[in-house]
Every structure is written in structure tokens, then in C-alpha cells.
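# With the sequence up front, the predicted model follows.
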Amino acid sequence: MARFSGKGFVVTGGASGIGEATTRSLVAQGGKVVIADVQEDLAVALVDELGDSVIFQKMDVTNEQEIVAAIDLAVAEFGQLDGMVNNAGIIGVIGSIMDTSAEDYDFTMSILSRGVFLGIKHAGRAMKPNGAGAIVSLASTAGVKGAEGPHVYTMAKHGVVGLTKSAASEFSAFGVRVNAVAPGGTVTPMTSALTDNNAELIAAGIAAASPLGFACLPQDIANGILFLLSEEARYITGHTLVIDAGLTSGGIAPPFYSQDAEVMLHAGQRRDGAD
Ligand SMILES: NC(=O)c1ccc[n+]([C@@H]2O[C@H](COP(=O)([O-])OP(=O)(O)OC[C@H]3O[C@@H](n4cnc5c(N)ncnc54)[C@H](O)[C@@H]3O)[C@@H](O)[C@H]2O)c1
């Protein structure tokens, strides 16, 4: 039997980038998905391609009624909500804090923070009666470290990591797991927009900064999301899975990890007056 056979999911922002890869993977492994997105054209094309296993619900994650409608649709069509992926996002306002308007702050936080809050809130409501379910939200390396993204984005993503922990602590009482995934730079339309939609250029930049030396693709992140949604992760909750080729845990190796370390040691001894 396929890994997600008979299971129903909502993927916010499921029409593009990481959300699209997640939708495709869930369907390929037997799942059924409500794509909850503001982007109609991409979503409709994906539904045409993937067929009956996906439904498009046009919605905005900042609107509570529209989140409820997407989840209720999944319950009505699939029997129950087994997994919720709070993925919809934008880069939002960039620049100095000193130049950031309160309005731009509110707009960015409404999608990246309020949208995830509402998704966790209503997924929990739908899953509680079943005593089972898994929620995965998209944080970022900007959610675990400074200077990985714009200021308001960083604030929102740290909030996703925090809410993941507190919601996990409440929801574990009724068998619902709450986790997050924190990608580093990944080649998607969101990041390509930073280079005038030049995906090759953004891929080269991500590869150059990566300790593993190649660019992260949406499928690399979808693989982590599917693991956390799956039964293989049944004992994992409140966790943020960082997927960044080790960038935030250490980064590219410094010279003293190389063969030259021996040389540096002896150089140090000589400076200390040792043999
Ligand atoms: N690409 C990266 O480098 C990267 C790194 C870390 C985290 N992330 C996070 O991953 C998630 C997906 O990003 P992506 O890179 O795949 O971007 P993307 O632009 O390819 O996809 C984002 C999707 O979210 C949808 N969306 C945006 N605002 C919405 C709203 N208000 N309501 C409903 N849908 C909305 C868009 O229409 C789009 O389909 C985001 O939360 C992002 O912050 C991305």
C-alpha cells in the first residue's frame, strides 16, 4: 500500500515551489490534497495534470473563514484531515528596520505569522475528534538564526518555530503532532524573484553558499515535510527540522579542518617555543 493511501491533506501555497513539490509527492504516494492558494492559474494547471486526487480552493491564508473553508472541504471530500501543511509565504518587506513602515510589517506578518497561526488553529480543531493528525509549518533558517532573511521575515519565522513547540505541547494530549521544516535557500519562484526570475542565477548563488556544494530544490524540502507527515515520524512533535546542507550548524569548513591542520599545529608550537 502507498505511504499516504487514503489520507487527506491541505497544502497552503500548494501551487508553486515547495508547496507544489509537496502536493506532487503526496499524490504520487497515494494522498489526496486540497491546494489552498491565491494563485489560480498555477493551481488549475496542477489540478488538470494530477487529476482527481487534488482539488483547488482559492483562498488567502490571512482570512480565517477561507482557512476554515479549505479544511472543511478536505474533511467533506476526503473523510477527514490527516495532514496540514502551512506553507504559503512571501519574502515580504525588505530593507532597514528604520525604513520599515508599520503597514508593511502588518502585511508581511499577516501571511507569514497569522496565516500559520490560523492554519494550526483550525487543523487542530478538525483533527482533535480523530485523535490523530500531523501538522507541518514552513519556518526557515531565518527562524533559527539572524541575518538569514529580511527582519520581519526573520521575526515571523522565529514565531513559527515557537508556535510549533507550544501547539505541539497542547495537541499531543489528543494525538496530533505539530512540527516545522526550516529550509535554507531553495530554488523556487519566491527566491528566483530576487534575480528577475532567473532560476539558474539563484541556483548558482545557493550552490556557492552551500557546504554540500549544490543547490537545494523544492523536492529536498518536500521530502522532509512528507517524513514529518508520515507514520515514520510518529514520535516526533514540537520539532523544527532544519534542511540547509549544514549551513546554520557550521557552514563551510574552516581551513583548520583540512590537511593543513598539522602544519598549523606545528606553526603554533613554534610560536610557543615548543619543539
Ligand atoms: N525558497 C526558499 O528559499 C525558502 C527558504 C525558507 C523558507 N521558505 C518558505 O517556504 C514556503 C514556500 O515558499 P516557496 O519558496 O515555495 O515560494 P513560492 O512563491 O514558490 O510559493 C509560495 C506559494 O504561496 C502562495 N501564497 C502566497 N501568499 C498567499 C496567501 N496570502 N494565501 C494563500 N497562498 C499564498 C503563493 O501563491 C505561492 O503559490 C514559504 O513559507 C517560505 O517562506 C522558502
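The structure has been received and is ready for your questions. Numbering: from 1, shown residues only.

# where along the stretch 51-200 of the chain do the helices fall?
64-78, 102-109, 115-127, 151-171, 189-192, 199-209 (DSSP state H, counting those that start in this stretch).

# Mean neighbour count, those: which tops it?
Most buried of the helices of the stretch 51-200 of the chain, by mean neighbour count (mean count of other CB atoms under 10 Å): helix 115-127, with a mean of 22. C-betas here are computed from N, CA, C, even on glycine.

# Tell me which other helices or strands it touches.
strand 8-12, helix 64-78, strand 83-86, strand 133-138, helix 151-171, strand 176-183 (3 or more CB pairs under 8 Å, 6 or more residues apart in numbering; DSSP states H and E).

# How about the second one and the ligand, touching?
No: shown here: helix 64-78 not in contact with the ligand (CB under 6 Å from any ligand atom), separated by at least 8.1 Å.

# what is the orientation angle of that helix with helix 115-127?
Helix 64-78 and helix 115-127 are oriented at 40 degrees to each other (axes from the mean of the first three to the mean of the last three CA atoms, to 10 degrees).

# Now do helix 64-78 against strand 8-12: the angle between them, please.
Interaxial angle, helix 64-78 versus strand 8-12 (the same axes, to 10 degrees): 150 degrees.

# Columns mean pLDDT on top of the helices and strands packed on helix 115-127, output as TSV?
TSV is the format used below for these (pLDDT from 0 to 100):
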stretch	mean pLDDT
strand 8-12	99
helix 64-78	98
strand 83-86	99
strand 133-138	99
helix 151-171	98
strand 176-183	99
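
# quick one, which of these is nearest to residue 238?
helix 151-171 (3.4 Å; CB to CB).

# Can you list the helices and strands that that closest one packs against?
helix 102-109, helix 115-127, strand 133-138, strand 176-183.

# Around the ligand, which positions in the stretch 51-200 of the chain sit nearby?
60-62, 87-90, 111, 138, 140, 183, 185-186, 188-191.

# give me that answer again for 5 Å
With the criterion set to CB under 5 Å from any ligand atom, the stretch 51-200 of the chain comes near the ligand through 60-61, 87-89, 111, 138, 140, 183, 185-186, 188-191.

# and which of those is nearest to the ligand?
residue 89 (2.4 Å; CB to the nearest ligand atom).

# what's the farthest-apart pair in the residues of the stretch 51-200 of the chain next to the ligand?
The widest separation within these (CB to CB) is 25.9 Å, between 60 and 185.

# Between the two, which is the more surrounded one?
residue 185 (23 against 16; other CB atoms under 10 Å).

# I'd guessed the more buried one sits against residue 217; true?
No: counting by CB atoms under 8 Å, residue 217 is not a contact partner of residue 185; they are 11.0 Å apart.

# show me where pLDDT drops low in the protein?
260-265, 267-275 (pLDDT under 70).

# how much space is there between the residue most central in space within the chain and residue 22?
For the chain, the residue nearest the mean C-alpha position is residue 138 (2.5 Å; CA atoms, centre = their mean). From residue 138 across to residue 22, the span is 10 Å (CB to CB, to the nearest Å).

# Right, I'll leave it there.
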